[in-house]
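Asks: all I have is the shape, not the residue letters:
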């Protein structure tokens with residue numbers, strides 16, 4: 001009886017209740033995002049559109065998640081440089097193949113499952129990001145609230161390619177945990193997964209230098225990540241050495257280019273700059289100013305992400321700003337160090 005009593009008490013510890021509540025909130029936020037950002041209307045006849053029922057909407061999402069056409073371009077191993085930002089998606093085929101198999105398997109179990117698997121998978125990764133940040137930095141409750149508010153705000157916006165950013169945010173949080181606990185094996189593993197998710201994952205090994213000064217281990221980590229990336233993308237070897245494959249210089253149709261900002265009105269431009277740059281990086285800068293110990297490697301890493309956001313991603317994409325969230329928490333932690 002004592003055994004069951006102790007386990008029952010553990011379940012209802014305040015920390016467990018807060019974690020469960022946070023996970024449920026993330027799920028609801030993500031569900032709301034899926035329903036608000038996806039097309040809920042279908043063409044019937046005479047150019048008339050009607051709103052789909054919930055069942056029809058979920059069925060439509062399921063069909064998109066399991067359709068071969070959804071993954072065809074990423075799984076195409078032919079080296080082509082068209083000047084479009086989607087060219088680089090071909091090196092992300094491992095992640096695409098993983099999701100394709102997950103959704104296909106769930107669909108074969110139950111045709112309605114892919115919709116729920118997609119929600120639970122991404123919600124769980126967001127929740128685990130919070131867990132790893134908490135393990136790394138022993139977050140106060142106010143910072144947990146800040147995390148949830150930040151995520152809630154981001155998912156109220158229109159987001160393109162949210163899956164890459166959720167995975168990468170998760171990998172950055174694990175990398176910070178590994179760095180702080182001097183676990184180079186964990187950092188190496190997560191670096192491999194990160195570069196296969198998105199090429200910006202090559203910045204993640206640098207997190208090692210925030211809490212460690214052993215360059216040899218960092219070089220090994222980079223070497224393993226680079227070798228794995230090039231080995232799995234050997235068919236695209238010609239493209240990999242062409243900078244235009246990763247950062248096209250051509251104007252991107254359908255995207256907000258830097259040159260387009262001069263045509264934006266004051267309020268639209270102000271909103272874009274505040275949400276995507278001033279707010280996330282401003283918090284980090286303020287914490288750096290307040291900190292007694294100036295961590296120069298942290299500044300270098302943040303600067304590299306800033307340049308990546310400015311030149312290598314569509315300037316209006318809010319989803320990629322999730323990547324910086326673990327670094328915001330790092331800045332809070334460093335600011336408190338004596």
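Replies: On my side now, so go ahead. Note that this is a predicted model, so its numbers are computed, not measured.
Asks: pick out the residue nearest the middle of the protein.
Replies: Closest residue to the average C-alpha location of the chain: residue 165 at 1.9 Å, with C-alpha atoms, centre = their mean.
Asks: how about that residue, what does it touch?
Replies: Contacts of residue 165 were listed using C-beta atoms under 8 Å, 6 or more residues apart in numbering, and they are 159, 319, 320, 321, 322, 323. C-betas here are computed from N, CA, C, even on glycine.
Asks: how about a cut-off of 10 Å?
Replies: With contact set as C-beta atoms under 10 Å, 6 or more residues apart in numbering, residue 165 has these partners: 122, 154, 159, 197-198, 200, 313, 317-325.
Asks: I'd like the next helix or strand past the helix or strand encompassing it.
Replies: Under the criterion of DSSP states H and E, residue 165 resides in helix 162-180. Once helix 162-180 ends, the next helix or strand along the chain (criterion: DSSP H and E) is helix 184-197.
Asks: tell me how far that next one lies from the chain's centre.
Replies: 14 Å (C-alpha atoms, centre = their mean, to the nearest Å).
Asks: can you spell out which helices and strands pack onto it?
Replies: Helices and strands in packing contact with helix 184-197 are listed as helix 93-109, helix 162-180, helix 208-211, helix 215-232; criterion 3 or more C-beta pairs under 10 Å, 6 or more residues apart in numbering; DSSP states H and E.
Asks: which one of the ones you listed lies closest to residue 39?
Replies: helix 162-180 (15.7 Å; C-beta to C-beta).
Asks: pull out the buried positions in stretch 214-232.
Replies: Neighbour-count burial for stretch 214-232, with 16 or more other C-beta atoms under 10 Å as criterion, is recorded at 217, 218, 221, 222, 225, 228, 229.
Asks: where are the low-confidence patches of the stretch 151-300 of the chain?
Replies: By pLDDT under 70, the weakly predicted segments of the stretch 151-300 of the chain are 248-266, 268.
Asks: contacts only, for the closest residue in space to residue 232 that isn't next to it in sequence.
Replies: When the adjacent residues along the chain are set aside, residue 232 lies closest to residue 94, with 6.3 Å between them (C-beta to C-beta, 6 or more residues apart in numbering). Residues near residue 94 by C-beta under 10 Å, 6+ apart: 74, 75, 192, 193, 195, 196, 197, 228, 229, 232, 233.
Asks: what's the answer for residue 126, then?
Replies: Residue 126 sits in contact with 22-23, 26-27, 29-30, 147-148, 151, 154-155, 166, 169-170, 173, 322, 325, where contact means C-beta under 10 Å, 6+ apart.
Asks: hmm, 6 Å instead?
Replies: By C-beta atoms under 6 Å, 6 or more residues apart in numbering, the contact list for residue 126 reads residue 26.
Asks: element containing it, please.
Replies: Secondary structure assignment for residue 126, by DSSP H and E: helix 113-137.
Asks: okay, buried residues for that helix please.
Replies: Neighbour-count burial for helix 113-137, counted by 16+ other C-beta under 10 Å, picks out 113-115, 117-119, 121-127, 129-130, 132-134, 136-137.
Asks: before we move on, what about stretch 81-93?
Replies: 85, 87, 88, 89, 90, 91, 92, 93.
Asks: centre of the chain to that stretch, how far?
Replies: On C-alpha atoms, centre = their mean, the centre of stretch 81-93 falls 18 Å from that of its chain.
Asks: distance to residue 53 for the helices and strands packed on helix 184-197 - can I get that in CSV?
Replies: Below are these laid out as CSV (distance: least, C-beta to C-beta, whole Å):
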stretch, distance to residue 53
helix 93-109, 20
helix 162-180, 25
helix 208-211, 50
helix 215-232, 42
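Asks: quick one, which of the ones you listed gets closest to residue 334.
Replies: From the helices and strands packed on helix 184-197, taking C-beta to C-beta, the stretch that ends up closest is helix 208-211, at 8.0 Å.
Asks: report all helices and strands that the closest one contacts.
Replies: Counting contacts by 3 or more C-beta pairs under 6 Å, 6 or more residues apart in numbering; DSSP states H and E, helix 208-211 is packed against helix 162-180, helix 296-311.
Asks: show me what the shortest one is in contact with.
Replies: Here helix 296-311 makes contact (C-beta under 6 Å, 6+ apart) with 200, 203, 206, 209, 210, 284, 324, 327.
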